[in-house]
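Engineer: coordinates only, sequence not included:
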């Protein structure tokens with residue numbers, strides 16, 4: 001599968017430039033590297049336990065790997081704990097054809113997605129399925145904070161403005177995820193929130209999103 005290239009992304013980027021911005025990116029990367037490395041050391045045993053429990057549920061590979069589109073349109077391998085049944089990708093098109101997609105725009109989302117398993121639903125409730133993305137953060141393909149990396153088929157349907165989501169590195173947490181009832185946001189609304197983050201990028205905003213994101217995971221499940 002051919003990667004999207006820089007030419008696929010609008011040439012006029014909306015992010016800031018200059019020495020101060022480069023300093024911010026350096027500190028952001030250092031924070032990503034140190035925090036993800038420490039988290040992998042401390043939580044490695046827990047992630048392995050989650051993988052074992054998922055494997056015991058259906059005896060299939062508990063690791064889900066997909067191709068996602070990152071900064072500049074470059075694809076990378078994206079890791080999660082599999083929260084769906086083994087043949088979820090094949091079922092997706094049949095759900096779309098049946099008119100069950102509850103998201104607008106190019107994204108796909110169902111509140112009661114029949115592909116999600118019992119263990120997977122629990123993992124999703126507390127975002128445990130996202131823990132393997134610590135590897136993506138450590139290897140530099142993702143950041144802790146940034147727009148959620150899309151799949152290639154969604155990017156191919158993006159309007160020009162949405163392509164600016166690829167001006168920065170994708171992240172584990174983003175601005176729209178710390179909103180109440182975040183899953184009810186339209187495609188245009190969450191794209192605008194991603195673009196707002198890109199315009200306002202700062203260490204303070206990143207820390208705000210990180211702390212609010214942890215709060216949402218532990219105490220607020222309104223986005224389910």
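Structural biologist: Thanks, I have the structure now. Predicted, not measured: the structure shown is a model, and the values here were computed from it.
Engineer: tell me the contacts of residue 174?
Structural biologist: Listed by Cβ atoms under 8 Å, 6 or more residues apart in numbering, the contact partners of residue 174 are 145, 146, 147, 148, 193, 194, 197, 209. Placement of C-beta: from N, CA and C, glycine included.
Engineer: I'd guess the third one is in a helix, am I close?
Structural biologist: Right, residue 147. No. Secondary structure assignment places residue 147 outside any helix; it is coil (DSSP: H, G, I helix; E, B strand; the rest coil).
Engineer: neighbours around the residue lying closest to it once chain neighbours are set aside, how many?
Structural biologist: Setting aside the residues directly before and after it, residue 147 is nearest to residue 194 in space (Cβ to Cβ, 6 or more residues apart in numbering), at 4.1 Å. Using other Cβ atoms under 10 Å, the number of residues around residue 194 comes to 24.
Engineer: so who does residue 194 touch?
Structural biologist: Residues in contact with residue 194, defined by Cβ under 8 Å, 6+ apart, are 147, 165, 174, 175, 176.
Engineer: can you count the residues close to the fourth one?
Structural biologist: Neighbour count for residue 175, taken as other Cβ under 10 Å: 25.
Engineer: quick one, what contacts it?
Structural biologist: 193, 194, 196, 197, 209.
Engineer: buried among the contacts of residue 174? Need that as a selection in ChimeraX.
Structural biologist: Applying 16 or more other Cβ atoms under 10 Å to the contacts of residue 174 leaves a buried subset, and the ChimeraX line that selects it is:
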select :145,146,147,148,193,194,197,209
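Engineer: tell me how far the helix or strand of the chain with the lowest mean pLDDT lies from the chain's centre.
Structural biologist: Taking mean pLDDT, DSSP states H and E as the measure, the helices and strands of the chain show their lowest mean at helix 88-97, namely a mean of 72. Helix 88-97 has its average C-alpha position 21 Å from the chain's average C-alpha position, going by Cα atoms, centre = their mean, to the nearest Å.
Engineer: picking up where we left off before, and the residue nearest to residue 147, what element?
Structural biologist: Assignment of secondary structure by DSSP states H and E places residue 194 within helix 187-200.
Engineer: buried ones in that helix?
Structural biologist: Counting neighbours by 16+ other Cβ under 10 Å, one finds that the buried residues in helix 187-200 are 187, 190, 191, 192, 193, 194, 195, 197, 198.
Engineer: wait, residue 106 touches residue 163, no?
Structural biologist: No. Taking Cβ atoms under 8 Å as the definition, residue 106 is not a contact partner of residue 163, at 11.6 Å.
Engineer: who touches both of those two?
Structural biologist: Common contacts of residue 106 and residue 163 (Cβ under 8 Å, 6+ apart): residue 155.
Engineer: which helix runs longest in this protein?
Structural biologist: Assignment by DSSP state H gives helix 19-58 as the longest helix of the chain.
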